[in-house]
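Student: pasting the sequence and the predicted coordinates here, then a few questions.
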Amino acid sequence: MLEIGKKAPSFKLKNQDGKIISLNDLKGKKVVLYFYPKDDTPGCTKEACSFRDEFPKFGDLNAGILGVSPDSAESHKKFIAKYKLPFDLLSDENKEVVEKYEVWKEKNNYGKKYMGVERTTYIIDEIGLIKKIFNHVKVDGHSAEIQEALES
């Protein structure tokens, strides 16, 4: 079970350009690792665009942003281009990382059960420890909530 103060699970995933991004490569910087269900859907677009709009503030807080979903790198590339997102989106098509981070859950939509990503954000500190976990994220106000947590 993942908990605040524990080491964040390591990973290596392809970004939208096919480049491998590893959590270990990001040591020395805080990481906002946000998991979302699907590219270019209403809630996911709103969340990504709020991070985009506030992106410079994250840099001021020595924090990088990484989005993760089971979508393909090609899907991420289109999503980034369409909304001019200034951060990497990582492709977890095999669902290894969403499972490691305990966000691959059974969901229920109008009585239909299926497996999917539960919108969740982790803040990982400069040495790779989990600083904060936001479960069942509500998109409105989430970017500000993350910035507040980074400042504390």
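Tutor: That came through fine. Residues are numbered from 1 along each chain as shown.
Student: residue with max distance from the center of the chain?
Tutor: Distance to the chain centre peaks in the chain at residue 111, reaching 27.2 Å (criterion: C-alpha atoms, centre = their mean).
Student: which pLDDT value goes with it?
Tutor: You'll see residue 111 listed with a pLDDT of 92.
Student: what's the spacing between it and residue 41?
Tutor: To residue 41, residue 111 is 20 Å away according to C-beta to C-beta, to the nearest Å. Every C-beta, even on glycine, is put in place using the N, C-alpha and C of the backbone.
Student: repeat that for residue 81.
Tutor: 16 Å.
Student: how about stretch 129-136: buried residues?
Tutor: Of all the residues in stretch 129-136, those buried under the rule 16 or more other C-beta atoms under 10 Å are 130-132, 134.
Student: tell me which of the residues you listed fall in strands.
Tutor: Those of those mapping onto strands are 130-132, 134, per DSSP state E.
Student: partners of residue 13 in the sheet?
Tutor: residue 21 (DSSP bridges).
Student: that one contacts residue 91, doesn't it?
Tutor: Yes. Counting by C-beta atoms under 8 Å, residue 91 is a contact partner of residue 13 at 6.1 Å.
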